[in-house]
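In: Let me see the structure of the following:
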Amino acid sequence: MKVLFATVLGLVSAAPNIVELAKSVDDLSTLVTAVVAGNLADTLSGSGPFTVFAPTNEAFAALSYDSLAGLLKPENKDVLVDVLKNHVLSEQVLLKDFDIDPTRNRKTLSGDGLSLASISSSQYRVCAVSNYGLACRYVTSGDNLASNGVVHIIDGVLVPGTTPLPNMLAPANIVGLAKSVGDLSTLVTAIVAGGLVDTLSSPGLFTVFAPTNAAFAALPAGTLASLLKPENKAELVDILTYHVLPQQYDSSNFQPPYATIGNFDLVNTVEGKPLHIVSPGGQLMVGANSETLKTVTSKDNFATNGIVHVIDQVLLPSAVASSNSIKLTSPCKGEEKGSFNVKDGVCYQLSKVPESKETSDQRIICEPNGDAYIIRYGSKDGTCTLPSFYNAFFYLKKDQCLGGASGIKVDCNPAIPNIVELAESVGDLSTLVAALVAGDLVDTLSSASQKFTVFAPTNEAFKALPAGTLDNLMKPENKKELVDILTYHVLAQEVLSTDLQPFQAVTTVEGKPLQVTKFGGVIRVGPSLLSKDLSNVTSADNLASNGVVHIINGVLIPPTAAIVV
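Out: The predicted model follows:
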């Protein structure tokens, strides 16, 4: 009788094993379901000892992008088992055994590491390495003893490795995903033609903005067929890689509080140029500039090596740059100021500007409200190259100075003068202005419908003409000869110094050719290549709203023209 009583007493007082303990806690029912689906009930009912960090039902429900439903699918059993094993140690660790040093890792049944930290006498933390660094969860109920170990209930799921759970559950890589969507067949064809299949099938993680078939069809007639030709592969790759980011961004990354400024962000593409991404009211939009945004029609499509957002138009890297001028002033404050102009979105070399000591390439992206992004690149040859980790991003509010009083002020909406107004603002071009008035060329060179390049002679250049020449040219009866000479200084297009080759002959508005040379940074222009006929450009790239002015130290006389003396 005593033996039977002892046996009954032993049965009553025996502690449950880990699985039985979990079944007895309502808030662990999802964990129990997962353990059964992963065929781990027998393992966790074994002799142990084990330490189990048990996520609550709420913790499983908080997994992003319906990952819980994905975990419980039979085809994802291997991922489920890996995740569950990452919550189990093959030793018993009570709260009193948590480490003061959180850098110590304890190996889980999945093979990954957990660090256990005693934050205070009442707060305990367990951390797993994740795609975002250490993903830490807190113990909400510890030291729940079982016959084969201990259970600590925690407030989150511990995902193993460095790949986010939605990617682990994805059925295919980016290329495979695109192939499975009929409306992305043109993109797949382009990826194959561009030789990018292996790249976009590699471990990643990437973000791809995927244009639909209709988006490609909306390109100008013949564009797609031309891009798919082998001889145009480089241009095709340039466009395709502009749709790819070298990191994974889901839609939540572009909404507060994660977005850089409000709901706006600027990211560098694999192609190298920046891309605007905005999310007004939760609607994800993307574009080369904030005025030409494309709509994301299907977001957050996960692949094993990244994420795909489907868009309704093709993105063109050439659209990053615009013809809008930006005025830079350095220093921001003080009497000695130097101002120079650049174009919105165009790569330029600040180190070439006399007012600056910078030795890097820059690109300025303006926003409609006048604010600006400045991107500084690791290169210093005017190419804006090198990977994104060499780049520095600065966001400037309108009228804000970058670098304090000695820094640079960016004016995204300057009142850019036209060519005549620009000439009027330069005291050393007053004779040229008088000649333009006498030749009735003011309206022509003030026109907003045409871009011009003007080689503008200084007052000294006009004075160097033979005695009496200028006075005679300014007489009404000699207007034709004056106009002939003045229009020989004008090109019917905008040509910056950066556009020039060592030699070129350009056609002037007057009709005769003008020789232009560029050697060692020195630009010379004239009717022939003889030194006596060439004048030096003393100040290049003075931008106007309708073109550019290069100031020269001589008056250009058209070949065979008669000079009135």
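In: What count of nearby residues applies to the closest residue to residue 28 other than its chain neighbours?
Out: Of all residues not flanking residue 28 in the chain, residue 22 sits nearest, at 4.6 Å (C-beta to C-beta, 6 or more residues apart in numbering). Placement of C-beta: from N, CA and C, glycine included. Using other C-beta atoms under 10 Å, residue 22 has 23 other residues around it.
In: for the record, mean pLDDT for the helix or strand hosting residue 22?
Out: Using DSSP states H and E, residue 22 sits in helix 18-23. The pLDDT scores in helix 18-23 average 97.
In: Remind me what it packs against, helices and strands.
Out: Applying 3 or more C-beta pairs under 8 Å, 6 or more residues apart in numbering; DSSP states H and E, one finds that helix 18-23 makes contact with helix 29-37, helix 41-44, strand 50-55, strand 133-146, strand 149-154.
In: got the contact list for the shortest one?
Out: Surrounding helix 41-44, the residues in contact under the criterion C-beta atoms under 8 Å, 6 or more residues apart in numbering are 17-19, 35, 50, 52, 88, 148.
In: redo that, cut-off 10 Å
Out: With contact meaning C-beta atoms under 10 Å, 6 or more residues apart in numbering, helix 41-44 is reached by 17-23, 32, 35, 38, 50, 52, 81, 84-85, 88, 109, 146, 148-149, 151.
In: about what we covered before: which ones are touching the residue nearest to residue 28?
Out: 16, 28-29, 31-32, 35, 41, 44, 52, 54, 144, 146, 151, 153.
In: Report the buried members of those.
Out: Buried by 16 or more other C-beta atoms under 10 Å: 16, 28, 31-32, 35, 41, 44, 52, 54, 144, 146, 151, 153, out of these.
In: want to throw those residues into CSV with distance to residue 392?
Out: Output for those, formatted as CSV (distance: C-beta to C-beta, whole Å):
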residue, distance to residue 392
16, 58
28, 48
31, 46
32, 51
35, 49
41, 54
44, 51
52, 46
54, 45
144, 51
146, 54
151, 49
153, 45
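In: how near is the residue nearest to residue 28 to residue 35?
Out: 7 Å (C-beta to C-beta, to the nearest Å).
In: which residues are in contact with both of those two?
Out: 28, 41, 44, 52, 54.
In: Give me the three-state assignment for residue 308.
Out: When classified by DSSP: H, G, I helix; E, B strand; the rest coil, residue 308 comes out as strand.
In: which among the buried ones among the contacts of residue 22 gets closest to residue 116?
Out: Ranked by distance to residue 116 (C-beta to C-beta), these are led by residue 52 at 13.0 Å.
In: beta partners of the closest one?
Out: residue 88, residue 151 (DSSP bridges).
In: Can you verify my assumption that it contacts residue 89?
Out: Yes: the pair residue 52 and residue 89 qualifies as a contact (C-beta atoms under 10 Å) at a distance of 8.1 Å.
In: Overlap of the contact sets of those two?
Out: 109, 149-150.
In: Would you convert the residues you listed into TSV that also reports distance to residue 396, neighbour count and pLDDT?
Out: Shown next, in TSV, are the shared contacts of residue 52 and residue 89 (distance: C-beta to C-beta, whole Å; neighbours: other C-beta atoms under 10 Å; pLDDT from 0 to 100):
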residue	distance to residue 396	neighbour count	pLDDT
109	52	19	94
149	58	24	96
150	56	24	97
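In: which one among the residues you listed gets closest to residue 332?
Out: Using C-beta to C-beta, the shared contacts of residue 52 and residue 89 come closest to residue 332 at residue 109, 60.4 Å.
In: got the contact list for that closest one?
Out: 40, 43-44, 50, 52, 81-82, 84-90.
In: Could I have the buried ones of those residues as PyMOL selection syntax?
Out: A single PyMOL command selects the buried members of the contacts of residue 109 (16+ other C-beta under 10 Å):
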select buried, resi 40+43+44+50+52+81+82+84+85+86+87+88+89
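In: Would you reformat the contacts of residue 109 as TSV and include distance to residue 241 and pLDDT?
Out: Below are these laid out as TSV (distance: C-beta to C-beta, whole Å; pLDDT from 0 to 100):
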residue	distance to residue 241	pLDDT
40	43	97
43	46	96
44	47	97
50	48	97
52	46	98
81	37	97
82	33	95
84	39	97
85	38	96
86	35	95
87	40	96
88	43	97
89	44	96
90	46	95
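In: pLDDT weak spots in the protein?
Out: 1-13, 100-103, 129-134, 256-264, 334-338, 350-358, 387-389, 561-565 (pLDDT under 70).
In: can you list the domains in it?
Out: Under the assignment automatic domain parsing, the domains of the chain span 14-164, 170-319, 322-411, 419-552.
In: Show me how far the longest one is from its chain's centre.
Out: Yep, that's domain 14-164 we're talking about. 38 Å (C-alpha atoms, centre = their mean, to the nearest Å).
In: same deal with the second one?
Out: Centroid separation between domain 170-319 and its chain, computed with C-alpha atoms, centre = their mean, is 12 Å.
In: and if you look at the last one?
Out: How far domain 419-552 lies from its chain's middle: 40 Å, per C-alpha atoms, centre = their mean.
In: can you give me the end-to-end distance of that domain?
Out: End-to-end distance for domain 419-552, by C-alpha to C-alpha, to the nearest Å: 15 Å.
In: Also the longest one?
Out: Distances were taken as C-alpha to C-alpha; on that basis the terminal residues of domain 14-164 are 40 Å apart.
In: for the shortest one, same thing?
Out: Distances were taken as C-alpha to C-alpha; on that basis the terminal residues of domain 322-411 are 15 Å apart.
In: what's the distance between the closest residue in space to residue 406 that isn't next to it in sequence and residue 373?
Out: Using C-beta to C-beta, 6+ apart and skipping the chain neighbours, the partner closest in space to residue 406 is residue 331 (4.5 Å). Distance, residue 331 to residue 373, using C-beta to C-beta: 21 Å.
In: So if I had to pick from the two, which one is more boxed in?
Out: The neighbour comparison of residue 331 against residue 373 (other C-beta under 10 Å) goes to residue 373, with 22 against 19.
In: so who does the more buried one touch?
Out: Residue 373 touches 260-261, 264-266, 274, 276, 345, 363-367, 393-396, 410, counting by C-beta under 10 Å, 6+ apart.
In: Can you turn the buried part of those into a PyMOL selection?
Out: Selection of buried members from the contacts of residue 373 for PyMOL, criterion 16+ other C-beta under 10 Å:
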select buried, resi 264+265+266+274+276+345+363+364+365+366+367+394+395+396+410
